[in-house]
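Colleague: Pasting the sequence and the predicted model now:
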Amino acid sequence: MKYRALGRTGWKVSEISFGAWAIGGAWGNVDDRESLKALHRALDLGVNFFDTADVYGDGRSERLLARLKRERSEEVIIATKAGRRLEPHIASGYNRQNLSGFIDRSLRNLETDALDLLQLHCPPTEAYYHPQLFGELDDFVKQGKIRHYGVSVEKVEEALKAIEYPGVKTVQIIFNIFRQRPTELFFAEARRRETGILARVPLASGMLTGKLNAKSEFAADDHRAFNRHGEAFNRGETFSGVDYETGLQAIEELRALVPEEMTMAQFALRWILMFEAVSCAIPGAKTPSQVEDNTLAAEFPPLSDETMAATREIYNHRIRPLVHHYW
Ligand SMILES: NC(=O)c1ccc[n+]([C@@H]2O[C@H](COP(=O)([O-])OP(=O)(O)OC[C@H]3O[C@@H](n4cnc5c(N)ncnc54)[C@H](OP(=O)(O)O)[C@@H]3O)[C@@H](O)[C@H]2O)c1
């Protein structure tokens, strides 16, 4: 495993880290014993950074991570998120009282006295224009309840606004072969301010592993069945907002670019690591073998300029018209 600086946090995080949404819920049935095996395997392979949220399985994902920490002695850095418990989910809900309650609950779930990294969980755009919100987060740092804070965003514009606040140390954003707009302006700005970047949905919800086809079936409680058109949350979180058939067509074109020694998942993750602004990719994984496949991506040499140009071309003609202007 290789490690990169996570912005100004002082931490070095594994290039391939771990996204812990699927082991919480909304991805069909998961078995905690298998999830724990996947988490242990990730630590075995040098992963030291885990991304979760208070709402993933209503705390199930956070509690599994607490158990991992109890069972292991290695340093584990855990990023969690707050805000999605708000009902309704509105900008004014991101206030001191509500956040304090969410933080206390995550502290209990994670069995700790201080959260390593707290991220606002894709708040409405308006929240980024409330400086007092970021002042409250500074206060939580001073109180010692959180060590650092950052944001998880839907749109590049939100990311650019968020990093104007000096306390924002990290931005989590969708970035993958199907979502290339962050490279245009945001990466340069984030590097200038030394902001850490977590590349989420790196496999486009599993599509970029190349394993899906027109006949693939998803359980009713898997967001790949129930959120394809944004019925439950932002459409961009499911297959990166690319419609299923178009995604499959682009995958067939991408296959020809995957070097022989790599799986398509490794190719997709290695592509993300080509961008120095990225601190880590956080692929979700449900099993030890998915973890093994994904973490190995960090061991491959850089992709060639021709390959990078060819992926860009596939993005430009297949995907760009569908997503580029939205996020
Ligand atoms: N709003 C937010 O802040 C937000 C939103 C989305 C995600 N995230 C974070 O980002 C992380 C990653 O995104 P994601 O989990 O949505 O999507 P992803 O990483 O693009 O896809 C993960 C899924 O792909 C499949 N998979 C993973 N590795 C594989 C492999 N090597 N071979 C075959 N299949 C594989 C697994 O599902 P199956 O086996 O079921 O196919 C896995 O759950 C999340 O876990 C979460 O921590 C945050």
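Modeller: Structure's in. What do you need?
Colleague: Please enumerate the strands of the stretch 201-327 of the chain.
Modeller: 280-281 (DSSP state E, counting those that start in this stretch).
Colleague: in it, what residue is nearest the ligand?
Modeller: The ligand sits closest to Gly284 of the stretch 201-327 of the chain, with a gap of 2.5 Å, by CB to the nearest ligand atom. The way it works is simple: take the backbone N, C-alpha and C, and place the C-beta from them, glycine included.
Colleague: Across the sheet, point out what pairs with that residue.
Modeller: Gly19 (DSSP bridges).
Colleague: Count the residues that sit near it.
Modeller: 22 (other CB atoms under 10 Å).
Colleague: so Val278 touches Leu269, yeah?
Modeller: No. With contacts counted by CB atoms under 8 Å, Val278 stays clear of Leu269, the gap being 10.5 Å.
Colleague: out of the two, which sits in the more crowded spot?
Modeller: Set Val278 next to Leu269 and count neighbours by other CB under 10 Å: Leu269 wins out with 28 against 22.
Colleague: Now do the same contact list for the nearest residue to that one once chain neighbours are set aside.
Modeller: Nearest residue to Leu269, sequence neighbours excluded (CB to CB, 6 or more residues apart in numbering): Ala297, at 3.6 Å. Listed by CB atoms under 8 Å, 6 or more residues apart in numbering, the contact set of Ala297 reads Ile16, Met262, Ala265, Gln266, Phe267, Leu269, Arg270, Leu273, Ala281.
Colleague: Read off the pLDDT value for Val168.
Modeller: Looking at Val168, its pLDDT stands at 98.
Colleague: gap between it and Gly150?
Modeller: Counting by CB to CB, to the nearest Å, the separation of Val168 from Gly150 is 6 Å.
Colleague: Over to Gln249?
Modeller: Counting by CB to CB, the gap from Gln249 to Gly150 is 35 Å.
Colleague: Compare the two (neighbour count), which wins?
Modeller: Between Gln249 and Gly150, counting by other CB under 10 Å, Gly150 is the more crowded of the two (27 against 15).
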